[in-house]
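Asker: no sequence on hand, only this structure:
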Ligand SMILES: Cc1cc2nc3c(=O)[nH]c(=O)nc-3n(C[C@H](O)[C@H](O)[C@H](O)COP(=O)(O)O)c2cc1C
């Protein structure tokens with residue numbers, strides 16, 4: 001889709017978004033992905049300080065997707081400021097800075113240390129299985145802790161803030177509503193599912209050194225579609241829908257259940273960065289065939 005879309009008050013020239021964690025560390029890979037048709041670029045989640053992440057292997061491909069335990073490695077705020085500035089100056093894509101912290105205060109401090117001129121939107125990654133609150137759960141697993149992070153982050157910036165949710169909590173609509181009530185401007189859903197595990201049948205060891213990791217790719221598409229369907233019913237703020245999208249039909253389903261923008265991460269491993277141009281062209285053709293406007297398609301499932 002090549003028309004301008006206003007999402008959380010920000011104009012996107014194209015409706016596909018690069019998901020956090022894939023090609024999102026260096027400015028040059030993010031610029032190339034924008035050239036491949038992404039209208040929004042989300043960087044890999046940034047922590048205040050450098051984080052090493054988990055020992056390799058951290059990623060395994062299986063028949064229907066990927067399992068990863070990158071463990072939120074981060075080059076820290078200073079380096080991220082430089083890489084994001086490069087993207088901002090050299091592409092027309094909306095820059096989404098994904099941030100995470102081990103505590104609510106760390107989220108706030110990370111946002112405060114980011115140069116506000118290098119991003120358009122903050123995305124709070126409260127949903128990675130590896131980022132736990134003091135009770136050992138992802139912040140996205142309780143309405144209370146999710147809204148706390150959102151409220152504290154709100155005080156750190158005037159830019160729009162969107163919250164990235166996990167499908168691992170059964171009532172994702174409830175969490176989305178708590179974030180909306182705490183001031184969120186949008187929701188991104190979903191993060192990886194799980195954790196999951198794969199076993200090497202020669203060594204009888206888990207294939208990942210971390211033993212478990214988040215599942216992404218085609219295997220999780222139906223879970224992502226259901227999650228966005230539930231969120232759309234629960235909130236009025238806009239949604240970036242992602243999880244398992246590898247082709248145009250997947251993206252159309254995601255928009256039809258209520259996503260204003262679609263996101264792709266693992267799909268890039270299958271089809272390269274041109275996946276965005278392919279899907280965008282496919283959506284345009286579909287709308288022409290059906291004689292629909294883009295806005296009619298967003299959430300159309302709920303209007304039947
Ligand atoms: C290797 C890898 C690293 C990821 N790192 C992050 C991350 O740093 N922050 C985040 O919010 N999500 C991260 N994700 C989750 C993706 O952004 C996305 O939500 C998820 O993979 C589902 O979309 P997909 O099936 O299109 O990949 C990562 C996913 C993968 C596969």
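Answerer: Sure thing, it's come through. Keep in mind it's a predicted model, so treat the numbers as computed, not measured.
Asker: identify the bridge partners of the residue in the stretch 101-250 of the chain that the ligand sits nearest to.
Answerer: Nearest residue of the stretch 101-250 of the chain to the ligand (CB to the nearest ligand atom) works out as residue 216 at 3.2 Å. Using the backbone N, CA and C atoms, a C-beta is placed for each residue, glycine as well. Note on residue 216: beta-bridge partners by DSSP bridges are residue 66.
Asker: that one touches residue 66, doesn't it?
Answerer: Yes - between residue 216 and residue 66 there is a contact under CB atoms under 8 Å: 5.2 Å.
Asker: give me the more crowded residue out of these two.
Answerer: residue 216 (29 against 22; other CB atoms under 10 Å).
Asker: and the more buried one, how far is that from residue 245?
Answerer: 10 Å (CB to CB, to the nearest Å).
Asker: name the surrounding residues that touch stretch 227-235.
Answerer: Contact partners of stretch 227-235, identified using CB atoms under 8 Å, 6 or more residues apart in numbering, comprise 165, 167, 171-174, 176-177, 180, 187, 189-190, 239, 241, 243, 254, 257-259, 299, 301-302.
Asker: who's in contact with the residue of the stretch 101-250 of the chain closest to the ligand?
Answerer: 65-68, 192-193, 243-244, 265-266.
Asker: spatially nearest residue to the residue of the stretch 151-300 of the chain found nearest the ligand (excluding sequence neighbours)?
Answerer: Closest residue of the stretch 151-300 of the chain to the ligand, CB to the nearest ligand atom: residue 265 (2.8 Å). Once flanking residues are discounted, residue 265 sits nearest to residue 19: 3.3 Å by CB to CB, 6 or more residues apart in numbering.
Asker: what residues does this protein put near the ligand?
Answerer: With CB under 6 Å from any ligand atom as the criterion, the chain meets the ligand at residues 19-22, 44-45, 59, 66, 68, 70, 72, 98, 125, 128, 164, 191-192, 216-217, 220, 242-245, 264-267.
Asker: mind running it again at 5 Å?
Answerer: 19-21, 44-45, 68, 70, 125, 164, 191-192, 216-217, 242-244, 265-266 (CB under 5 Å from any ligand atom).
Asker: list the buried ones in stretch 82-102?
Answerer: For stretch 82-102, the buried set under the neighbour-count rule, 16 or more other CB atoms under 10 Å, comprises 83-88, 91, 93-102.
Asker: in strands, which of those fall?
Answerer: Judged by DSSP state E, the subset of the buried residues of stretch 82-102 located in strands is 94-99.
Asker: if we can go back for a sec, and the residue nearest to residue 265, what does it touch?
Answerer: Neighbours of residue 19 in contact, by CB under 8 Å, 6+ apart: 42, 242, 263-265.
Asker: most neighbours of all these, which one?
Answerer: residue 242 (34 neighbours).
Asker: test my guess that it contacts residue 193.
Answerer: No - here residue 242 does not reach residue 193: they are 12.0 Å apart, not a contact under CB under 8 Å.
Asker: find residues that contact each of these two.
Answerer: Common neighbours of residue 242 and residue 193 (CB under 8 Å, 6+ apart) do not exist.
Asker: now do the strands in the stretch 151-300 of the chain.
Answerer: For the stretch 151-300 of the chain, the strands defined by DSSP state E, counting those that start in this stretch occupy 161-165, 186-189, 193-196, 213-216, 239-242, 261-264.
Asker: the last one pairs with which strands?
Answerer: Strand 261-264 has the following strand partners under DSSP bridges: strand 16-18 (parallel), strand 239-242 (parallel).
Asker: quick one: mean pLDDT over that strand.
Answerer: Averaging pLDDT along strand 261-264 gives 98.
Asker: which outside residues touch that strand?
Answerer: 5, 7, 12, 15-19, 38-40, 42, 188, 238-242, 245-246, 251, 254-255, 275-276, 279.
Asker: what about residue 211, how many residues nearby?
Answerer: 14.
Asker: give me the spatial nearest neighbour of it, chain neighbours excluded.
Answerer: residue 197 (6.4 Å).
Asker: ok, now residue 11?
Answerer: Using CB to CB, 6+ apart, the closest residue to residue 11 is residue 4 (5.1 Å).
Asker: distance check, that neighbour against residue 62.
Answerer: 38 Å.
Asker: and residue 177, by the same measure?
Answerer: For residue 177, the distance to residue 62 - CB to CB - is 34 Å.
Asker: what about those two, which has more around it?
Answerer: With neighbours defined as other CB under 10 Å, residue 177 and residue 62 compare such that residue 177 has more, 22 against 13.
Asker: look up the closest residue to the more buried one, ignoring the ones flanking it.
Answerer: Nearest non-adjacent residue to residue 177 (CB to CB, 6+ apart): residue 234, at 4.8 Å.
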